[in-house]
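Visitor: The sequence isn't on hand, but the structure is:
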């Protein structure tokens, strides 16, 4: 047996020096650690550092003044916790409060330089940033929906469709619920759209959408459904580093996201999905939702294709921002709105945080709905334009559709 | 239009401060940069650091003495390049040579602490380590197979099967070739196994297997095939952070990987795949390959189920390491070997690096094959027990199967 273990040890030496350190031998730093009292400890080894901080949305936000294009904004930015140096150059910070059950992103700042947590393998990319992920599990709390449980799991596929509009193949993330492959049933379809700078991966990584779906369906709180995560930038084949552009870092990709092309081309995605999957291919069994720019897309897709979606969810939606001259998609807003409601959609659901810079715009939009006696459902949450809210909205919206 | 851009700017403020820095305003550091002369420049911003190094397999290896369990090993470890501090605390290193077209992993070492490149969104996890990825593209070179091209893309799915052996659902990565969904044809199946500490994600992230498949099939150099990436640790539902164990970091997961249970349970995976996908469910259309521990699994699966696989690929396989008393799977080796060859498999393919610590063990195994006049194909490469070799072996093996 000794020989076996020796060879197993040697096998691992094929890995990087870094890996070995984590596996045996070298110093082992555990971070993050959720303590019994609900506080969370973060650790970072940096013997020569002068200052090590941790920042993330588990800390109370701070108001920060920002400026862009001559305009000033006040934005809610994550707070900062200062780590203290201990033995072996291991810096440590424990929250002075129990961290509420939820999913969070955090990074370290070592002498001013942002770093992910090298001891935490869970890293998400959000647009052009890598952050470490902290999931505080809590049975009975909403965050339980974000965790993986021993329940039947849907299949998550990266699949490509041909876009006639773009002239090339484009990538979708598609969730088919547990049992889809062995069933002969047809399923309703929910389309889920990301925000500006996002892509077809965002809702699955930062949004925990497939976990939310698995868990809600397993609980019987949502209907089994197919969920399609699109890429809202029609100029892109796929998420950064997943397309033929090769070795480039993501950018905000503004050009082809809010100028009407995505919405104009959307029916080709619906057509593809209806041809490729066993869908119930009618309005009654089709829903759409999206965050921020995706909420904007959701609104205009709902208005321009009033026979396509029966349920629409606008999450922190970028309403009231459009210059109608950009595209026919954005023209005749009031008329399209009236037509949309005349066809009696089953649900228009709006969610927005009360410190979101888009909160007033959403209130203005809802005033217009009120003035016209157009029905909708509104959920106001604390906080701003953040993933925490978007996970809440998705987990609220999904149980309401296809009933 | 001004309002639109102001709001778009504000949308992004919902992202982290880190993101904004990358998007506008703050200092922009580009890293890595492939220069026109083929050298590569790495940059890292750390104004207060004393020493910044970069290490990775793009650098010539160094011999490093290591010890485990009282045994000494010499391992090839990546070399180290020292960055020099420049303006604004931006450290920089340019390779003194053109980096050969290939895929590499690298990390920075800032005052002794390993860090990924915060300016490179391409991060792979290998067991318990995060590394930044450098792909040096080169048309006409093998590394071209690792890049994404505008060719038809297969679908990559994460799908769960029920393991009767384990008593719970387990996750597979499955590649179906472009055209699978719209065809009525049946397809051959290749099973691809990871090394110790790996999982069903490893070949897709570090191995670039789905890119290799897409490209070889598009060139007509490989048959369209279904490819199944298993998880070789039968005690696990899925890759770390993809299972109900929740918030734990990966470990080497030794207990249930090389003691026969995985091999004993393997037919349930084949049965699942044959029931779920349009496969040609016979030996002639079934292949298996794996790296290191996965090469070990490949060997014993081939020997114990001589009617299952017609093509077997052992990549840097951990041969000659087993204590047969562990499991019946590892017993009667010579007899099983003779039976296996008596059934005339179409291909036993062996690849190993000539500085691999398993090179001699593979030579010994091939001597046994020679002594018995058992046919096989051998590819010797430079280098050791590294992903660079495993990508080569996969791209050599795949064109040879299902002909």
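Guide: Thanks, I have the structure now. Owing to the predicted nature of the structure, the values given are computational and were not obtained by experimental measurement.

Visitor: Give me the below-cutoff pLDDT ranges for the stretch 251-400 of chain A.
Guide: Judged against pLDDT under 70, the low-scoring parts of the stretch 251-400 of chain A cover residues A:251-255.

Visitor: the strands in it, which residues?
Guide: Using DSSP state E, counting those that start in this stretch, the strands found in the stretch 251-400 of chain A span residues A:286-291, A:311-315, A:347-353, A:377-381.

Visitor: would a markdown table of the ones you listed with mean neighbour count and distance to residue A:91 be doable?
Guide: Quick note: C-beta positions are derived from backbone N, CA and C, even for glycine. Converted to a markdown table, the strands of the stretch 251-400 of chain A look like this (neighbours: other Cβ atoms under 10 Å in any protein chain shown; distance: least, Cβ to Cβ, whole Å):
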| stretch | mean neighbour count | distance to residue A:91 |
| --- | --- | --- |
| strand A:286-291 | 29 | 34 |
| strand A:311-315 | 29 | 37 |
| strand A:347-353 | 24 | 32 |
| strand A:377-381 | 15 | 34 |
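
Visitor: Export those strands as TSV, with columns for distance to residue B:157.
Guide: TSV is the format used below for the strands of the stretch 251-400 of chain A (distance: least, Cβ to Cβ, whole Å):
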stretch	distance to residue B:157
strand A:286-291	23
strand A:311-315	26
strand A:347-353	30
strand A:377-381	33
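
Visitor: Adding distance to chain B as columns, could you present the ones you listed in CSV?
Guide: Compiled in CSV, the strands of the stretch 251-400 of chain A are given as follows (distance: least, Cβ to the nearest Cβ, whole Å):
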stretch, distance to chain B
strand A:286-291, 9
strand A:311-315, 12
strand A:347-353, 10
strand A:377-381, 14
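
Visitor: of all of the stretch 251-400 of chain A, which residue lies closest to chain B?
Guide: Using Cβ to the nearest Cβ, the single residue of the stretch 251-400 of chain A nearest to chain B is residue A:385, 3.2 Å away.

Visitor: just to revisit the earlier point, for the strands of the stretch 251-400 of chain A, which one sits closest to residue B:234?
Guide: The closest approach between residue B:234 and any of the strands of the stretch 251-400 of chain A, judged by Cβ to Cβ, belongs to strand A:286-291 at 38.8 Å.

Visitor: elements contacting the closest one?
Guide: Applying 3 or more Cβ pairs under 8 Å, 6 or more residues apart in numbering or on different chains; DSSP states H and E, one finds that strand A:286-291 makes contact with strand A:189-193, helix A:293-304, strand A:311-315, helix A:387-397.

Visitor: Let me know which of these is tucked in deepest.
Guide: Taking mean count of other Cβ atoms under 10 Å in any protein chain shown as the contact definition, the stretch among the helices and strands packed on strand A:286-291 with the greatest mean neighbour count is strand A:311-315, which reaches a mean of 29.

Visitor: Pairing partners for that one, with directions?
Guide: The partner list of strand A:311-315 in its sheet, established with DSSP bridges, is strand A:286-291 (parallel), strand A:347-353 (parallel).

Visitor: Measure how buried the residue of the stretch 251-400 of chain A closest to chain B is and give me the count.
Guide: Other residues near residue A:385 come to 27 when the count uses other Cβ atoms under 10 Å in any protein chain shown.

Visitor: Go ahead and confirm it touches residue A:356.
Guide: Yes. With the criterion set as Cβ atoms under 8 Å, residue A:385 and residue A:356 qualify as a contacting pair; they are 4.8 Å apart.

Visitor: quick one on the thing from earlier: TSV please, covering the helices and strands packed on strand A:286-291 and showing distance to residue A:81.
Guide: Converted to TSV, the helices and strands packed on strand A:286-291 look like this (distance: least, Cβ to Cβ, whole Å):
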stretch	distance to residue A:81
strand A:189-193	33
helix A:293-304	31
strand A:311-315	29
helix A:387-397	18
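
Visitor: So which of these is nearest residue B:146?
Guide: Evaluated over the helices and strands packed on strand A:286-291, closeness to residue B:146 peaks at strand A:189-193, with 30.5 Å, by Cβ to Cβ.

Visitor: Tell me which stretches of the stretch 201-350 of chain A form helices.
Guide: Taking DSSP state H, counting those that start in this stretch to define them, one finds helices in the stretch 201-350 of chain A at A:202-205, A:209-219, A:261-276, A:293-304, A:333-342.

Visitor: okay, now the domains of chain A?
Guide: Split into domains by automatic domain parsing, chain A comes to A:16-136, A:145-400.

Visitor: Determine which stretch of these is the most buried.
Guide: Of all these, domain A:145-400 has the most neighbours on average by mean count of other Cβ under 10 Å, namely a mean of 20.

Visitor: Tell me how far residue A:211 lies from residue A:203.
Guide: When distances are taken as Cβ to Cβ, to the nearest Å, residue A:211 and residue A:203 turn out to be 11 Å apart.

Visitor: Which strand residues bridge residue A:41?
Guide: With DSSP bridges as the rule, residue A:41 is bridged to residue A:33, residue A:94.

Visitor: show me the contacts for it.
Guide: Shown here is residue A:41, whose contacts under the criterion Cβ atoms under 8 Å, 6 or more residues apart in numbering or on different chains are A:31, A:32, A:33, A:35, A:92, A:93, A:94, A:95.

Visitor: residue boundaries of the strands in the stretch 51-200 of chain A?
Guide: Remark: strands of the stretch 51-200 of chain A, listed N- to C-terminal, are A:52-56, A:62-68, A:71-77, A:80-82, A:84-85, A:90-94, A:103-110, A:113-115, A:123-126, A:129-135, A:155-163, A:168-176, A:189-193; assignment by DSSP E, counting those that start in this stretch.

Visitor: Let's have those in TSV, adding distance to residue B:129 and mean pLDDT.
Guide: What follows is the strands of the stretch 51-200 of chain A, written out as TSV (distance: least, Cβ to Cβ, whole Å; pLDDT from 0 to 100):
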stretch	distance to residue B:129	mean pLDDT
strand A:52-56	21	95
strand A:62-68	33	77
strand A:71-77	31	76
strand A:80-82	26	96
strand A:84-85	24	97
strand A:90-94	19	97
strand A:103-110	17	94
strand A:113-115	15	84
strand A:123-126	12	92
strand A:129-135	14	93
strand A:155-163	24	98
strand A:168-176	26	98
strand A:189-193	32	98
